[in-house]
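Trainee: this one's sequence-less:
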């Protein structure tokens, strides 16, 4: 089962995490790295990892027991700015993702795992870029998708993600919530023995019968009723300040959240290093580490590898 790992922004921790995880034997037996040979070899040399690197042009050229780097040759070594914002690095990072998605759609790889890119750097060449999730979904020509964050302690999905909070409120619509419930259920079938789904409210106290807004009453509650009528084990909406604790204690297997931070904050508080990002609803399998480029510690050999290890393991499980 071949997995492609995109290298991420060359200025950040992506290259060193891949190399360190390989040296710790935390990566799958069959994987390739899609990125720039220049960055991988520079990092390998600076950190004295002495990992065996092999430059390839196509997945079929890979060999076992080495770090096979599918080299897009976008960055000369002198263009790599360690720990600094770089238009070239941001642009290249997006090209790695594009190539990986194409290989997945062509079934030349069975899953892709993405290392972090820096949104600010990427926007220097792609001003409308808002995130991996949306970009990959667009490459797949898919509009019905969502982001799931997975850890051993909590699983959350999102009605909206990388949009302004004002727009996120407007995105809380009955049909969209039902779609996210369905996507959540089908993913849970591969991840958990049961598929008990809780729905977080949007407003304080889930609106308290209209006292603090009407979205919970007019959009979320009918969506829950629709999903129940279709046979899903779904409950809510519940006050957002209490539902996550109930899920952590085992009452529910996942929580559908109404916007980005509502789901990200509790999961990252509980399990920052172990959280994995999965895009649901795509014709391909994509998982990701759930941390950033960490420019401040790049190429220092101190970045943790757990998230990449777990992202690869989850990709294999979804395959």
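Mentor: Arrived safely, thanks for sending. Given the structure is predicted, the values throughout are model-derived calculations rather than measurements.

Trainee: give me the beta-bridge partners of the most centrally placed residue in the chain?
Mentor: If you average the C-alpha coordinates of the chain and look for the closest C-alpha using CA atoms, centre = their mean, you land on residue 277, 2.9 Å from that point. Note on residue 277: beta-bridge partners residue 149, residue 288, judged by DSSP bridges.

Trainee: how about the strands in the stretch 101-250 of the chain?
Mentor: 111-114, 146-150, 155-158, 197-200, 234-238 (DSSP state E, counting those that start in this stretch).

Trainee: circling back: quick check: the residue nearest to the centre of the chain touching residue 307?
Mentor: No - using CB atoms under 8 Å as the test, residue 277 is too far from residue 307 to be in contact (9.1 Å). Every C-beta, even on glycine, is put in place using the N, C-alpha and C of the backbone.

Trainee: any residues in contact with both of those two?
Mentor: Taking CB atoms under 8 Å, 6 or more residues apart in numbering as the contact criterion, the common neighbours of residue 277 and residue 307 are 289-290.

Trainee: domains of this protein?
Mentor: 1-142+283-319, 143-281 (automatic domain parsing).

Trainee: tabulate the ones you listed (TSV), appending mean pLDDT.
Mentor: As requested, these are exported to TSV (pLDDT from 0 to 100):
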stretch	mean pLDDT
domain 1-142+283-319	95
domain 143-281	93
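
Trainee: make a markdown table out of the strands of the stretch 101-250 of the chain and add distance to residue 219.
Mentor: Formatted as a markdown table, the strands of the stretch 101-250 of the chain follow (distance: least, CB to CB, whole Å):
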| stretch | distance to residue 219 |
| --- | --- |
| strand 111-114 | 32 |
| strand 146-150 | 16 |
| strand 155-158 | 15 |
| strand 197-200 | 11 |
| strand 234-238 | 9 |
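
Trainee: Throw the ones you listed into a markdown table and include mean neighbour count and distance to residue 85, thanks.
Mentor: What follows is the strands of the stretch 101-250 of the chain, written out as a markdown table (neighbours: other CB atoms under 10 Å; distance: least, CB to CB, whole Å):
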| stretch | mean neighbour count | distance to residue 85 |
| --- | --- | --- |
| strand 111-114 | 27 | 19 |
| strand 146-150 | 26 | 25 |
| strand 155-158 | 25 | 27 |
| strand 197-200 | 26 | 35 |
| strand 234-238 | 22 | 40 |
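
Trainee: compare those strands and give me the one nearest residue 103.
Mentor: Among those, strand 111-114 comes nearest to residue 103, with 7.6 Å by CB to CB.

Trainee: distance from the chain centre to the closest one, please.
Mentor: Here strand 111-114 is found 9 Å from its chain centre; the criterion is CA atoms, centre = their mean, to the nearest Å.

Trainee: partners of that strand in the sheet?
Mentor: strand 3-6 (parallel), strand 286-289 (parallel).

Trainee: for residue 32, find the nearest of these.
Mentor: That would be, of the strands paired with strand 111-114 and by CB to CB, strand 3-6, which comes in at 5.3 Å.

Trainee: got a list of contacts for the following helix or strand past the closest one?
Mentor: Beyond strand 3-6 on the C-terminal side, the first helix or strand identified by DSSP states H and E is helix 14-23. Counting by CB under 8 Å, 6+ apart, the neighbours of helix 14-23 from elsewhere in the structure are 5-8, 27, 33, 35, 39-40, 42-44, 47, 49, 51, 67, 115-116, 289, 293, 298-301, 303-305, 308-309.

Trainee: stretch 213-223 too?
Mentor: With CB under 8 Å, 6+ apart as the contact definition, stretch 213-223 has outside contacts at 169, 172-175, 177-178, 181, 199, 201-203, 206-207, 209-210, 236-237, 258.

Trainee: how many residues are close by the nearest residue to residue 92 once chain neighbours are set aside?
Mentor: Distances taken as CB to CB, 6 or more residues apart in numbering put residue 74 closest to residue 92, at 4.1 Å, once the chain neighbours are dropped. When neighbours are defined as other CB atoms under 10 Å, residue 74 has 18 of them.

Trainee: that's all I had, so thanks and see you.
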